[in-house]
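In: output the structure for:
(chains A and B)
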Amino acid sequence: MLPALLSIRDLGKRFGGFHALKGVSLEVEHGEFIALLGPSGCGKTTLLRCIAGFLTPDSGDIRIGGDSVTRLPPHRRPLNTVFQNYALFPHMSVLDNIAYGPRRHGVPRGEAAERAAQALHLVGLEALGARYPRELSGGQQQRVALARAVVNRPKLLLLDEPLSALDMKLRKRMQIELKHLQEKLGIAFVFVTHDQEEAMSMADRIVVMNRGLIEQVGSGTAVYATPATRFVAEFIGEANLLPGAADGDGGLRLAFGTAAVPHPCPHPGPWPDIDAGQSRTGVLRPEHLELLDRADEPGFLTERGIVEDVINTGGQTLVMVRVGDALLASRRLGMPGAGLGRGTQVVVGFRPEHLHVVVGEPAP
Amino acid sequence: MIARVLLRIVAWAVMTYLVLPLVVIIGASLTATSYLAFPPQGLTLDWYGRMLADTSYVAAFGTSTALALAATAGAVLLALPAALAIARHDFPGKRTLLSLLMSPLVLPHVVLGAALLQYCAALGLMRSFAALLVGHVVIVTPFVLRSVLPQLTPEQRALEEASADLGARPFETFLLVVLPQIRGGLTSGAIFAFISSWINVELSIFNTTAELTTIPVKLFNYVQYTIDPVIAAVSSITIAVAAFTIVLLDLTVGLHVLSKRR
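Out: Numbering: from 1, shown residues only, chains lettered A, B, ... in the order given. Okay, here's the model as predicted:
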């Protein structure tokens, strides 16, 4: 079997008293699009900088194509990076910026210029080769940075929040372009972002990081539908978190609404190793919490509640319902119906199979 | 509109105030009288001839030029690596090192000159060109350091990382990315260094002899006994050297490097 393109084993890094990476392991295959997702300070940028070689990890190993690069300086690593603020050389023309990589690898001047022109064509800026970076718009600089990073045809491209400086519309367009480019070139992308939508819409696999650890690795669908931890459930999308406890027989007693009125909830997937009373959290996405006509709707767990807010988000309506101590969110398509307003008494419910259970209590 | 006119008036007033003494000196150097007179009475280049005929003046110009050039080169070679190390790395004693390198800016040069004399006497280098050079490097290094350090920003650091990422070896990064980016700071620092060395009296005066002397020291000694238009002629030459330096700079790298801030 071929070794993975990128293999990270047990990476640790400290900055003084701050433990930025606490033993991170990850494998990236050829041509894969990986998003490193997490809040600021979660270690995603540190991980990226360790892979690029700008930081030396305190422990662990990084292999590319089976060869350890942990001790190699950045200029000897077979990968390229797109930097957060592009880091284009201001004293060089766009074409010289792009030709810089091939020139450093001993490609003759003429051929390097040719390759640079091709790369520029790839990002649709063939007319701007003679310009200087300061004469370009943010989106154009972004494309030049991309062209400069792929001109060497690396097998692995690292991208450090490359779209964060662009406005929203341009960002959306660049997301699509970037994804197409990645598929066209067949280069593996490791893409750092704190924007979960960006990660969901672009990546084959999402690596959710928190406090220097990987919480979950999986497809966008997987991390959304079956979050591995409470952190992932809360970080990816919106979630109603329902406190519960194991009943000792592989089931779960869930406090839906007031803690005094527990419902038995047969959760799919046995939990044989759970002791009775151990705390669990039920994760319920807003689109699975429905407003019902009656409390004994078959197949539903239901509660009575009072509407606190109706929010129209354009095409979707978010209804905030107070059930006991908890404020739950219910989302549905369409405009808010008439007769639904603050103070309306409603019945809310969900199908138990839509409930996903993670370890631990919800945050207060 | 009024503000712009006022600004122009003030700018021209300041210019006049700064340039007038130079005009007086150059004018006085052309007088035919044997004493300093402005406006010059009669026009002659005699005093320039007198100066050039005096080999001690020519030698002093040579010493000053060689000293200023060597001191500037020495300061750049010291300050550039020091600035890179201070901006890029954290090491124990970093602040102390920086303070030490900058301290000649606040220490009286007279004290440094006297100390240098004693120190070099102990080494057997008393009042030599080498002793002068060491002293001048010490006092002009802060100018280069102070103008280069602010240019080594995090953005500049990102450019260096990009260069390494694209496959450039450290020395290539230095030549192709670091030097072009800090050129402005380096040039202005070097000019300040050159000029501070060129005009220094306090440190040099302790370490010069009748044979080995710099132009400012020679002028200083000369005016204590004689005041004649030779002084003005020598001063005019120093002004010309400074002006020539600036023009040369403009023709080679362009004066805009002095004002460009990234």
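
In: which ones are touching residue 30?
Out: Using chain A. Taking C-beta atoms under 8 Å, 6 or more residues apart in numbering or on different chains as the criterion, A:His30 is in contact with A:5, A:155, A:186, A:188. C-beta coordinates here come from the backbone N, C-alpha and C atoms, glycine included.

In: hmm, no, I was thinking of chain B.
Out: So B:Leu30 contacts B:40, B:43-45, B:47, B:229 (C-beta under 8 Å, 6+ apart).

In: pLDDT wise, what is it at?
Out: Per-residue confidence at B:Leu30 stands at 88 (pLDDT).

In: that one belongs to a helix?
Out: No: the assignment for B:Leu30, made by DSSP: H, G, I helix; E, B strand; the rest coil, is coil rather than a helix.

In: low-confidence stretches in the chain?
Out: Looking at chain A here, since you left the chain open. Counting by pLDDT under 70, chain A contains low-confidence residues at A:1, A:247-252, A:257-277, A:336, A:338, A:360-364.

In: please go with chain B instead
Out: Scanning chain B for pLDDT under 70 picks out B:253-262.

In: nearest residue to the middle of it?
Out: Nearest to the mean C-alpha position of chain B, by C-alpha atoms, centre = their mean, lies B:Ile195 at 2.0 Å.

In: shouldn't it be in contact with B:Val241?
Out: No: contact criterion C-beta atoms under 8 Å: B:Ile195 and B:Val241 do not qualify, at 9.6 Å.

In: count of neighbours near B:Ser147?
Out: Burial of B:Ser147, expressed as a neighbour count using other C-beta atoms under 10 Å in any protein chain shown, amounts to 23.

In: what's the answer for B:Gln151, then?
Out: Other residues within reach of B:Gln151 by the criterion other C-beta under 10 Å amount to 21.

In: tell me how far the residue of chain A most remote from its centre lies from A:Ala35.
Out: In chain A, counting by C-alpha atoms, centre = their mean, A:Gly110 sits farthest out from the average C-alpha position, at 41.0 Å. Using C-beta to C-beta, to the nearest Å, one gets 38 Å for the distance from A:Gly110 to A:Ala35.

In: next: B:Gln151.
Out: For B:Gln151, the distance to A:Ala35 (C-beta to C-beta) stands at 35 Å.

In: follow-up on the earlier one: of all pairs in the contacts of A:His30, which one spans the longest distance?
Out: Spatial extent of those (C-beta to C-beta) is set by the pair A:Leu5 and A:Gly186 at 11.1 Å.

In: more neighbours: which of those two?
Out: For A:Leu5 versus A:Gly186, the count of surrounding residues by other C-beta under 10 Å is larger for A:Leu5: 22 against 10.

In: so who does the one residue in the stretch 151-300 of chain A that gets nearest to chain B touch?
Out: Checking the stretch 151-300 of chain A residue by residue against chain B with C-beta to the nearest C-beta singles out A:Asn152 as nearest, at 7.0 Å. Residues in contact with A:Asn152, defined by C-beta under 8 Å, 6+ apart, are A:80, A:101-102, A:105, B:166-167.

In: can you pull out the strands in the stretch 1-150 of chain A?
Out: Using DSSP state E, counting those that start in this stretch, the strands assigned to the stretch 1-150 of chain A run over residues A:6-15, A:18-28, A:33-37, A:59-64, A:67-68, A:80-82.

In: export the ones you listed to CSV and tack on mean neighbour count and distance to B:Thr213?
Out: Below are those laid out as CSV (neighbours: other C-beta atoms under 10 Å in any protein chain shown; distance: least, C-beta to C-beta, whole Å):
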stretch, mean neighbour count, distance to B:Thr213
strand A:6-15, 18, 55
strand A:18-28, 19, 59
strand A:33-37, 26, 67
strand A:59-64, 18, 63
strand A:67-68, 12, 63
strand A:80-82, 27, 57
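
In: who wins for proximity to chain B among those strands?
Out: Closest approach to chain B among the strands of the stretch 1-150 of chain A is made by strand A:80-82 (4.7 Å; C-beta to the nearest C-beta).

In: relative to that closest one, what are the paired strands and their orientations?
Out: If you go by DSSP bridges, strand A:80-82 pairs up with strand A:156-160 (parallel).

In: can you tell me what sits against the partner strand?
Out: A:5-6, A:28, A:45, A:48, A:51-52, A:64, A:78-84, A:149-150, A:178, A:182, A:187-192.

In: would you mark the buried spots in stretch A:123-136?
Out: By 16 or more other C-beta atoms under 10 Å in any protein chain shown, the buried positions in stretch A:123-136 come out as A:123, A:125, A:128-129, A:132-133, A:136.

In: what distance separates it from the centre of its chain?
Out: 31 Å (C-alpha atoms, centre = their mean, to the nearest Å).

In: now compare the buried residues of stretch A:123-136 and name the two farthest from each other.
Out: Considering C-beta to C-beta, no two members of those lie farther apart than A:Val123 and A:Tyr132, which are separated by 16.9 Å.

In: where along the stretch 1-150 of chain B do the helices fall?
Out: Listed in chain order, the helices of the stretch 1-150 of chain B (DSSP state H, counting those that start in this stretch) span B:2-28, B:46-53, B:55-88, B:94-102, B:109-123, B:129-148.

In: now those as CSV including distance to A:Gln345?
Out: Below are those laid out as CSV (distance: least, C-beta to C-beta, whole Å):
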stretch, distance to A:Gln345
helix B:2-28, 68
helix B:46-53, 106
helix B:55-88, 66
helix B:94-102, 68
helix B:109-123, 88
helix B:129-148, 72
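
In: where's A:Ile176, which helix or strand?
Out: Using DSSP states H and E, the element containing A:Ile176 is helix A:168-185.

In: the following helix or strand past that helix to strand A:18-28, inter-axis angle?
Out: Scanning forward in sequence from helix A:168-185, with DSSP H and E defining helices and strands, the next element found is strand A:188-193. Taking axes from the mean of the first three to the mean of the last three C-alpha atoms, to 10 degrees, one finds strand A:188-193 and strand A:18-28 inclined to each other by 150 degrees.

In: run the chain-centre distance for strand A:188-193.
Out: Between the mean C-alpha point of strand A:188-193 and the mean C-alpha point of its chain there is a distance of 10 Å (C-alpha atoms, centre = their mean).

In: with just CA atoms, put that strand into PDB.
Out: Extracted as PDB, the C-alpha positions of strand A:188-193 are listed here (Å, rounded to 0.1, in the frame of the first residue of the first chain):
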ATOM      1  CA  ALA A 188      -4.400  17.900  -2.000                       C
ATOM      2  CA  PHE A 189      -5.600  21.000  -0.100                       C
ATOM      3  CA  VAL A 190      -5.200  21.500   3.600                       C
ATOM      4  CA  PHE A 191      -7.400  24.500   4.200                       C
ATOM      5  CA  VAL A 192      -7.500  26.400   7.500                       C
ATOM      6  CA  THR A 193     -10.700  28.200   8.200                       C
END
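
In: and the stretch 151-262 of chain B, which of its residues are near chain A?
Out: Within the stretch 151-262 of chain B, the positions adjacent to chain A are B:155, B:158-159, B:161-170, B:172-173, B:176-177, B:180-181, B:262 by C-beta under 8 Å from any C-beta of the partner chain.

In: if we use 7 Å, what do you get?
Out: With C-beta under 7 Å from any C-beta of the partner chain as the criterion, the stretch 151-262 of chain B meets chain A at residues B:158-159, B:161-162, B:164-169, B:172, B:177, B:180-181, B:262.

In: looking at those residues, which are in helices?
Out: Counting by DSSP state H, those place B:158-159, B:161-162, B:164-165, B:172, B:180-181 in helices.

In: turn the residues you listed into CSV, including neighbour count.
Out: Formatted as CSV, these follow (neighbours: other C-beta atoms under 10 Å in any protein chain shown):
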residue, neighbour count
B:Ala158, 18
B:Leu159, 22
B:Glu161, 20
B:Ala162, 27
B:Ala164, 24
B:Asp165, 26
B:Glu172, 17
B:Pro180, 14
B:Gln181, 21
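
In: cheers, nothing more for now.
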